[in-house]
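1. need a structure here:
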Amino acid sequence: NRIGGGAPKPSRFPTAARPRHTFHAVEASQMTELSQLSFVGLFCVYFSYGLLIFLGHANEWIDKILGRPRGRGQKTKKGYAPLTSDFESFYTRRMYARGRDCFSRAISGPPGDWVDVMERTSTDPVWNDQFIYTGNKQTCLNLASYNYLGFAETSGAVHDHVIECIKQYGVGSCSSRADIGNSPLYEVAEKMSAEYVGKEAAMLFGMGFATNSTTIPALAGKNDLIISDSLNHSSLVSGCRSSGAKIKVFQHNDPIDLERVVREAIVTGQPRTHLPWGKILIVVEGIYSMEGDICRLPEIVAIKKKYGCYLYVDEAHSIGALGKTGRGICEHWGIDPKDVDILMGTFTKSFASVGGYVAADKVIIDHLKTRSFGQIYEPAMAPATVQQIVSALGVIMGKDGTDIGRRKVKQLKDNSNYFRHAMISKGFQVFGDPDSPIVPIMLYSPAKLTAFSRECLRRNLAVVVVGFPATPLLLGRARFCISAAHSLEDLEWAVNELDEIGERVSVKYGTPESTIPVDRMKSRLASSGSD
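-> Below you'll find the model as predicted:
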């Protein structure tokens, strides 16, 4: 076993202590705003997209003249408006299609530290209209999956428990829990989830996206205000919009701007009537999945208490990954979980299962069980996936009688920090905070996204590249996800390969030091308890 030990930290748990942070980590999340390309670099990125659009329209025009199928575009019946946006259709056909081979790659087997990527060829190497699988497999180091704690495995005690569960319960529930799809197994998982995060009660959902999109509308509505981080996940955005509440946005991970928005909202009240808001709900994430930065929870909790707001924290990427025992953002900062009203998380990352949870006071959970559409209408999770959750939680919490869980959390932290620092030292522009298992590096240009991805695959590295429209036009990137299953040798080899790829593709922009205002630095240091 390649993993080392650790000990619990937050005030909710024994041996309370607050984490220490370096000045570099204080404003690492601000790098997204402060570090940009030079004017020449910006011009090149804009020129790349402009050239793609020009060539796309030129090809469209030629295909229409020659009567080729690709030039026909969307067929619209007479008297009907187009069902989809013409530009979106054009973007998919003429821009995204050129790099389609870099996305949706199929794997064979579990997404462990190494993964088998299925080889495929395209019938049209330019437009990638259709892929044909050759039957061959390419074993790659997996830097793409959310297998943070390495539970995506086909052997061991957790796997054996899941197999036994399938034999007992079958593979599906075929009903919602509100009807006849419930079983004691779900209640065990809810009780363990609540205990793990330090809340009175919890409830399960069959899909992480639906956890947010169906929970928030049950918490806020007309006459209420939701204040959301500008880079929140689309599931949070969907839930906020579906609620019918008024929505205001604050600058990403910026407590100063959050307080400004809260103060203005309280002073002005509701639109037109200026009556007080029914309630104010602040919505943030523990770790932001595209940036890799960690929520500045101490300052946000202080604002929440000062102005009497409620706080909803999405821990999809932080639960299991932050804190000495993996209990998430509260443990990372030494915050009592009682100071956060609603803790949400998913089981698809650290626990290698599916679905999500919401943990809160029992009265809130009882309310959500009768008001959340996701709880009432969706089929119950497959029993085997619930058993995976229960068994993985048992290992992480030490209920299996071993310290494997704690050692996994420690190994994830060590691996993440090694990889981040190594990539910075090689000259890549790296975003995010220390301890985060998400390590993005900036690529910017659409041509470099595809070139980087193809070169990585050629060198047996499975990576994810992300570009417009999933990110802003100028901020295309590669996003590495680190796992406790990785060995130091794996990561050292990967860094050396990426170093050569970075030179070949010319994406070593360097990680600049951010400029830290003195007052903001003092506030952060005071809240984190650093010297």
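2. mind checking the SS state of S483?
-> Secondary structure assignment for S483 (DSSP: H, G, I helix; E, B strand; the rest coil): coil.
3. neighbours of it, just the number please.
-> Residues lying near S483 (other CB atoms under 10 Å) number 27. Where you see a C-beta, it was placed from the backbone N, CA and C, and this is true even at glycine.
4. could you do the one 4 residues further on as well?
-> S487 is flanked by 13 other residues according to other CB under 10 Å.
5. that one reaches D113, doesn't it?
-> Yes: the pair formed by S487 and D113 meets the contact definition of CB atoms under 8 Å, at 7.3 Å.
6. what are the ranges of the strands in the stretch 1-150 of the chain?
-> Ranges of strands in the stretch 1-150 of the chain, per DSSP state E, counting those that start in this stretch, are 107-108, 114-122, 131-142.
7. turn those strands into JSON lines, columns for distance to D160, mean pLDDT and mean neighbour count.
-> As requested, the strands of the stretch 1-150 of the chain are exported to JSON lines (distance: least, CB to CB, whole Å; pLDDT from 0 to 100; neighbours: other CB atoms under 10 Å):
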{"stretch": "strand 107-108", "distance to D160": "22", "mean pLDDT": "92", "mean neighbour count": "15"}
{"stretch": "strand 114-122", "distance to D160": "22", "mean pLDDT": "93", "mean neighbour count": "17"}
{"stretch": "strand 131-142", "distance to D160": "23", "mean pLDDT": "94", "mean neighbour count": "15"}
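8. okay if I get those strands as CSV plus distance to I396?
-> Listed next are the strands of the stretch 1-150 of the chain as CSV, based on distance: least, CB to CB, whole Å:
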stretch, distance to I396
strand 107-108, 25
strand 114-122, 23
strand 131-142, 21
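9. biggest helix in the protein, by residue count?
-> Secondary structure of the chain per DSSP state H: the longest helix is helix 39-66.
10. that helix: which residues count as buried?
-> Buried residues in helix 39-66, counted by 16 or more other CB atoms under 10 Å: V45, S48, Y49, L52, G56, N59, E60, D63.
11. give me the number of residues near E455?
-> A count of neighbours around E455, defined by other CB under 10 Å, yields 18.
12. for M442, see how far away it is.
-> E455 sits at a distance of 16 Å from M442 (criterion: CB to CB, to the nearest Å).
13. equivalent analysis for Q270, please.
-> In terms of CB to CB, Q270 sits 41 Å off from M442.
14. which of those two has more neighbours?
-> M442 (24 against 16).
15. helix or strand: which one has the more buried one?
-> Using DSSP states H and E, the element containing M442 is strand 438-444.
16. and that strand, how far out from the chain's middle?
-> Centre-to-centre, strand 438-444 and its host chain are 14 Å apart (CA atoms, centre = their mean, to the nearest Å).
17. can you check stretch 475-489 too?
-> Centroid separation for stretch 475-489 versus its chain: 13 Å, with CA atoms, centre = their mean.
18. from one end of it to the other, what's the distance?
-> Length of stretch 475-489, first residue to last, CA to CA, to the nearest Å: 31 Å.
19. now do stretch 241-257
-> End-to-end distance for stretch 241-257: 21 Å, by CA to CA.
20. same check on stretch 263-283?
-> With CA to CA, one end of stretch 263-283 sits 16 Å from the other.
21. go through it and flag the buried ones.
-> Applying 16+ other CB under 10 Å to stretch 263-283 flags A265, Q270, W277, K279, I280, L281, I282, V283 as buried.
22. can you give the contact residues for it?
-> 216, 219-229, 232, 236, 240, 245-246, 248, 258, 262, 300, 303-304, 307-312, 314 (CB atoms under 8 Å, 6 or more residues apart in numbering).
23. give me the mean pLDDT for stretch 436-453.
-> The average of the pLDDT scores along stretch 436-453 is 93.
24. only alpha carbons, please: show it as CSV.
-> Listed next in CSV are the C-alpha coordinates belonging to stretch 436-453 (Å, rounded to 0.1, in the frame of the first residue of the first chain):
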residue,chain,number,x,y,z
SER,A,436,-7.2,20.6,-4.5
PRO,A,437,-7.2,17.4,-6.6
ILE,A,438,-8.2,19.4,-9.6
VAL,A,439,-5.2,20.9,-11.4
PRO,A,440,-6.0,23.0,-14.5
ILE,A,441,-3.4,24.3,-16.9
MET,A,442,-4.2,27.0,-19.4
LEU,A,443,-4.0,26.3,-23.1
TYR,A,444,-6.1,29.2,-24.5
SER,A,445,-5.9,28.5,-28.3
PRO,A,446,-8.5,26.0,-29.8
ALA,A,447,-5.7,24.6,-32.0
LYS,A,448,-3.5,23.9,-28.9
LEU,A,449,-6.4,22.2,-27.1
THR,A,450,-6.7,19.5,-29.8
ALA,A,451,-2.9,19.3,-30.3
PHE,A,452,-2.3,18.9,-26.6
SER,A,453,-5.0,16.2,-26.2
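25. if we can go back for a sec, for the strand holding M442, name the packing helices and strands.
-> In terms of contacts (3 or more CB pairs under 8 Å, 6 or more residues apart in numbering; DSSP states H and E), strand 438-444 is packed against helix 404-425, strand 476-481.
26. which residues does that strand contact?
-> Residues outside strand 438-444 that contact it (CB under 8 Å, 6+ apart): 37, 41, 45, 287, 289-292, 317, 416, 419-420, 423, 428-432, 449, 452, 465, 474-482, 505, 507, 509.
27. do stretch 152-168 as well
-> Defining contact as CB under 8 Å, 6+ apart, one finds that stretch 152-168 is touched by 109-112, 145, 151, 185, 352, 383-384, 386-388, 390-392, 395, 400, 485.
28. emit the ChimeraX select command for whichever of these are buried.
-> ChimeraX command restricting these to the buried ones, with burial defined by 16+ other CB under 10 Å:
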select :110,111,112,145,151,185,352,383,384,386,387,388,390,391,392,395,485
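29. show me the contacts for the residue nearest the centre of the chain.
-> Centroid-nearest residue in the chain, with CA atoms, centre = their mean: S289, separated by 3.1 Å. By CB under 8 Å, 6+ apart, the contact set of S289 is H233, A316, H317, I438, R479.
30. count of residues packed around A245?
-> 23.
31. confidence score at it?
-> Listed pLDDT for A245 reads 95.
32. isn't it right next to L225, touching?
-> Yes: with contact defined as CB under 8 Å, A245 reaches L225; the gap is 6.2 Å.
33. pLDDT below threshold where in the stretch 101-250 of the chain?
-> Within the stretch 101-250 of the chain, no range satisfies pLDDT under 70.
34. ok now stretch 500-515, how far from the chain's centre?
-> Taking CA atoms, centre = their mean, one finds stretch 500-515 lying 23 Å from the centre of the chain it belongs to.
35. and what of stretch 435-446?
-> With CA atoms, centre = their mean, you get 13 Å for stretch 435-446.
36. quote the end-to-end distance of it.
-> 29 Å.
37. same deal with stretch 89-102?
-> Length of stretch 89-102, first residue to last, CA to CA: 19 Å.
38. in it, what's buried?
-> Going by neighbour count (16+ other CB under 10 Å), the buried part of stretch 89-102 is F90, Y91, R93, R94, M95, Y96, A97, R98, G99, D101, C102.
39. ignoring the adjacent residues along the chain, who's closest to the fifth one?
-> Once its chain neighbours are removed from consideration, M95 has its nearest residue in L52; the separation is 5.1 Å (CB to CB, 6 or more residues apart in numbering).
40. who's in contact with the one you found?
-> L52 neighbours (CB under 8 Å, 6+ apart): R94, M95, R98, P446.
41. the third one reaches N128, doesn't it?
-> So the one you mean is R98. Yes: using CB under 8 Å, R98 is in contact with N128, at 7.4 Å.
42. F209 is nearest to which of the strands of the stretch 1-150 of the chain?
-> strand 107-108 (21.3 Å; CB to CB).
43. this completes my enquiry, with thanks.
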